[in-house]
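Q: fold the following, please.
(chains A, B, C and D)
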There are 2 protein chains.
Amino acid sequence: MATPTAIAPAHGGPQGAHLLHPVVRKLSVYGSLTAEEQAALAGLGAGAQRVEARQDLLEEGAAPDCAVLVVEGIACRYSHRPSGARQITAYLLPGDLCDPDFAHLRRMNHGVGTLGPCRVARVSRETLAGLTGRHPGIARALRLAKLAEEETTREWVKNVGCRSAIERVSHLLCELHERLRVVGWATKAGYDLPLTQQDIADTTGLSNVHVNRVLRQLRLMRVVEVGGRRVDILNLAALHDIAEFQADYLRPSAVT
Amino acid sequence: MATPTAIAPAHGGPQGAHLLHPVVRKLSVYGSLTAEEQAALAGLGAGAQRVEARQDLLEEGAAPDCAVLVVEGIACRYSHRPSGARQITAYLLPGDLCDPDFAHLRRMNHGVGTLGPCRVARVSRETLAGLTGRHPGIARALRLAKLAEEETTREWVKNVGCRSAIERVSHLLCELHERLRVVGWATKAGYDLPLTQQDIADTTGLSNVHVNRVLRQLRLMRVVEVGGRRVDILNLAALHDIAEFQADYLRPSAVT
DNA sequence: CGATATGTTGATCTTTTTCAAGGATCGTGG
DNA sequence: CCACGATCCTTGAAAAAGATCAACATATCG
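A: You can find the predicted model right below:
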């Protein structure tokens, strides 16, 4: 949405299919939606508010009162250890609806916050229930999107559990590339990424220093250049190879 | 279920509330179930089949045709890297229903297999749909159980992402203890655990050798003794301290 | 009883972390 | 516009955690 309030100016807004709201683009991956369903979905983003970088959307331990739809920017789920160490457990990209079911919870076991500047819309339980009740296509797409999210979390366990540093970072860059591409915020050449190296470290279970070294190595290998809030992909095939990246887990498909 | 076909003989079957099926015990955590609902749930386990250790229940890449209910024993979700390295991403304990929604998938991105000998029941989509359709209490409990499973996977990301070896192993032992206790297969003193050190290594992202050393350290610290397919807890408080274990994530509670 | 799995230990090597310091960048207020 | 502080990035050196390799012990099971 290249609206006047768009956030990422450097390399412009979403690519292609300009008129589609990211949540429509994302959910369309899981099955076709009627025009009516698309309109209803896009309506969710109508009241989106601007939120600065590094702000909490849902606090650790709080009782959530609504779901959150990311319209623009990057947010994350995170959790802190008593020592202060932070682990990021998921990214929320444009089009991602942060957990419908959470709105029913008495207490959050993790927090949700922005990483870069965002535009987000809060969605009440009632609105969401109405939407899925009236539009079976949306309900179905949301179910599959959730399945994809679960599979993604499992892939992250695999990533931090048994891949080397360079593989982990590469895998993260591949996943972000693929997911942003779906909603039009990435091209083959790369994407804007408002993360610090510390954020990448907290995601991959590495130290910020080592992330820096891995990124330098990837740059020297002429695979990808990360810096200046931007990811420039020089050799996508090589990046995929290093990461052993298979995008399947991002797009589950149902039988029916 | 101290039935004639019970598997773990060493320290006997489930403790307390002997008559309740594990899936009833587990789901009761998320809200009270009517007698009728309990009976319907217990009926799922009626046709349970014995499965040996280290057998696939759902293969990586296959199209699942049904859900799987673990009645007894321990199974897991796992994924292999091209190199052959294995990452375990979840444990399935007695009372766990392996992913209802999966039955709709065209292709599994991970496998499900037994770790020790198990008794499992296959549950068709129709059976499951009928059950949740007729019994709102079951539907609700399954939703919360799934939420707990998601939260658990995120906790695992945190575990392998930012905890030391001894913390990771301790956390795993705490989680298994708590989950098995709910379904009556653990006491304060410990539980039977048919895992090899390699299995623990594949779960925690460590080498088998290092797992061995961590277990020795925990034994010397007189915290817990792991061996002979058995976990004996000597000092539960100390184990929780080392792991920074907070059981909250295992039992989400809804507002309504 | 041998064969295969698993567990145990020591020695060595690699990866990654930690610590420390300096440099770049960016936003802000004077 | 520039100076300033704050944050982020970068690099080196040293230390630590954990992996790997190799050998042997010990179940376990047909």
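
Q: return the residues in contact with residue A:105.
A: A:63-64, B:147, B:252-255 (Cβ atoms under 8 Å, 6 or more residues apart in numbering or on different chains). Placement of C-beta: from N, CA and C, glycine included.

Q: how many neighbours does the closest residue to residue A:253 other than its chain neighbours have?
A: Of all residues not flanking residue A:253 in the chain, residue B:106 sits nearest, at 4.7 Å (Cβ to Cβ, 6 or more residues apart in numbering or on different chains). By other Cβ atoms under 10 Å in any protein chain shown, 11 other residues sit near residue B:106.

Q: show the pLDDT at residue B:106.
A: We have a pLDDT of 87 for residue B:106.

Q: still on that earlier bit, in helices only, show me the contacts of residue A:105.
A: Mapping the contacts of residue A:105 onto helices (DSSP state H) picks out residue B:147.

Q: which among the contacts of residue A:105 end up buried?
A: Neighbour-count burial (16 or more other Cβ atoms under 10 Å in any protein chain shown) applied to these gives A:64, B:147, B:252.

Q: any chance of these in JSON lines, plus distance to DNA strand D?
A: What follows is these, written out as JSON lines (distance: Cβ to the nearest atom of the strand, whole Å):
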{"residue": "A:64", "distance to DNA strand D": "26"}
{"residue": "B:147", "distance to DNA strand D": "30"}
{"residue": "B:252", "distance to DNA strand D": "29"}
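
Q: which one of those is nearest to residue B:58?
A: For the buried ones among the contacts of residue A:105, the minimum distance to residue B:58 (Cβ to Cβ) is 21.8 Å, reached by residue B:147.

Q: show the contacting residues for that closest one.
A: Shown in contact with residue B:147 (Cβ under 8 Å, 6+ apart): A:101-102, A:105, B:252.

Q: ditto for residue A:67
A: Going by Cβ under 8 Å, 6+ apart, residue A:67 touches A:97-100, A:102-103, A:122-125, A:128.

Q: mind doing that once more with 10 Å?
A: A:44, A:58, A:97-103, A:121-125, A:127-128 (Cβ atoms under 10 Å, 6 or more residues apart in numbering or on different chains).

Q: then residue A:236?
A: Counting by Cβ under 10 Å, 6+ apart, residue A:236 has contacts A:173-174, A:177, A:188-190, A:223-224, A:245.

Q: tell me which helix or strand the residue of chain A found nearest DNA strand C sits in.
A: Taking Cβ to the nearest atom of the strand, DNA strand C has its nearest neighbour within chain A at residue A:210, 3.0 Å off. Using DSSP states H and E, residue A:210 falls within helix A:208-220.

Q: could you do residue A:69 as well?
A: Here residue A:69, judged by DSSP H and E, is contained in strand A:67-72.

Q: following element in sequence after that strand, please.
A: By DSSP H and E, the next helix or strand past strand A:67-72 is strand A:75-80.

Q: same for the helix or strand that that next one is followed by, what does it pack against?
A: Moving toward the C-terminus from strand A:75-80, the next helix or strand (DSSP H and E) is strand A:86-92. Here strand A:86-92 touches strand A:67-72, strand A:75-80, strand A:111-114, helix A:136-162, helix A:165-182, helix A:197-204, helix B:136-162, going by 3 or more Cβ pairs under 10 Å, 6 or more residues apart in numbering or on different chains; DSSP states H and E.

Q: export the contacts of residue A:105 to a markdown table and tack on pLDDT and distance to DNA strand C?
A: A markdown table is the format used below for the contacts of residue A:105 (pLDDT from 0 to 100; distance: Cβ to the nearest atom of the strand, whole Å):
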| residue | pLDDT | distance to DNA strand C |
| --- | --- | --- |
| A:63 | 91 | 32 |
| A:64 | 90 | 30 |
| B:147 | 94 | 30 |
| B:252 | 90 | 30 |
| B:253 | 86 | 35 |
| B:254 | 84 | 37 |
| B:255 | 79 | 38 |
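
Q: determine which two of the contacts of residue A:105 are furthest apart.
A: A:63 and B:147 (14.2 Å).

Q: the nearest residue to residue A:113 once chain neighbours are set aside: what's it in contact with?
A: Closest residue to residue A:113 apart from its sequence neighbours, by Cβ to Cβ, 6+ apart: residue A:56 at 4.6 Å. Taking Cβ under 10 Å, 6+ apart, we find residue A:56 in contact with A:62, A:75, A:78, A:111-114.

Q: shaky segments in the stretch 151-256 of chain A?
A: The stretch 151-256 of chain A contains residues with pLDDT under 70 at A:256.

Q: show me which residues of it sit near DNA strand C.
A: With Cβ under 7 Å from any atom of the strand as the criterion, the stretch 151-256 of chain A meets DNA strand C at residues A:164-166, A:205-207, A:209-210, A:213, A:228.

Q: which is the next helix or strand following the strand or helix carrying residue A:37?
A: Assigned by DSSP H and E, residue A:37 belongs to helix A:35-44. Scanning forward in sequence from helix A:35-44 by DSSP H and E, the next helix or strand is strand A:49-51.
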